[in-house]
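Engineer: Provided below are the primary sequence and the corresponding predicted coordinates.
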Amino acid sequence: MNLYNLLKIFHIFFVVSWFAGLFYLPRIFVNHAMTEDAATRERLLAMETKLYKFVTPIGALAIAFGLAMWIVFNADMYSGTAWLHVKTTLVALLAVYHLYCGHLLRDFAAGRNRRSHTWYRIFNELPVLVLLAVLVLVVVKPF
């Protein structure tokens, strides 16, 4: 196995793991926003906190392995292709989404949540759309 394939395997592994966390964390927010029970809120807050702390380094590793593939192998090959720039922009937006989840988590922890469970249901769909767009860009390379 060559270095490129090894980097790609780890990149895909960490991307899949990161997305699992990004799909689940806002789903916990939905439940947190719906509950009135203090014990349930504390349990959900603990779950949110542990998940966020777990997936944050996973997201960083996903980005790091993607950058490593680009720097080591593809910088010249893809330098003139727009699809990679769009993909990189989407990944940057996903990182902002992840950090915003941390902000929302801190609001829950401080008792400052002002969002409804319906808002969190919609918010939960954003990484799904980003994932679909990134997959289209990587597979089709439309431009």
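Structural biologist: Sure, I can see it.
Engineer: how much space between the closest residue in space to residue 55 that isn't next to it in sequence and residue 36?
Structural biologist: Of all residues not flanking residue 55 in the chain, residue 21 sits nearest, at 3.0 Å (Cβ to Cβ, 6 or more residues apart in numbering). To be clear about C-beta, it is placed using only N, CA and C from the backbone, and glycine gets the same treatment. Per Cβ to Cβ, to the nearest Å, residue 21 is found 26 Å from residue 36.
Engineer: contact partners for the nearest residue to residue 142 once chain neighbours are set aside?
Structural biologist: Counting by Cβ to Cβ, 6+ apart, residue 83 is the residue found nearest to residue 142 once chain neighbours are left out, at 6.1 Å. The neighbours of residue 83, taking Cβ atoms under 8 Å, 6 or more residues apart in numbering as the test, are 137, 138, 140, 141, 142, 143.
Engineer: quick one, grab the pLDDT at the first one.
Structural biologist: It refers to residue 137. In this prediction, residue 137 carries a pLDDT score of 94.
Engineer: the helix or strand in which it is found packs against which elements?
Structural biologist: Assigned by DSSP states H and E, residue 137 belongs to helix 126-140. Judged by 3 or more Cβ pairs under 8 Å, 6 or more residues apart in numbering; DSSP states H and E, helix 126-140 is in contact with helix 3-34, helix 82-109.
Engineer: contacts only, for residue 98.
Structural biologist: Contacts of residue 98 (Cβ under 8 Å, 6+ apart): 18, 22, 55, 56, 59.
Engineer: separation between the residue nearest to residue 142 and residue 90?
Structural biologist: Distance from residue 83 to residue 90, by Cβ to Cβ: 10 Å.
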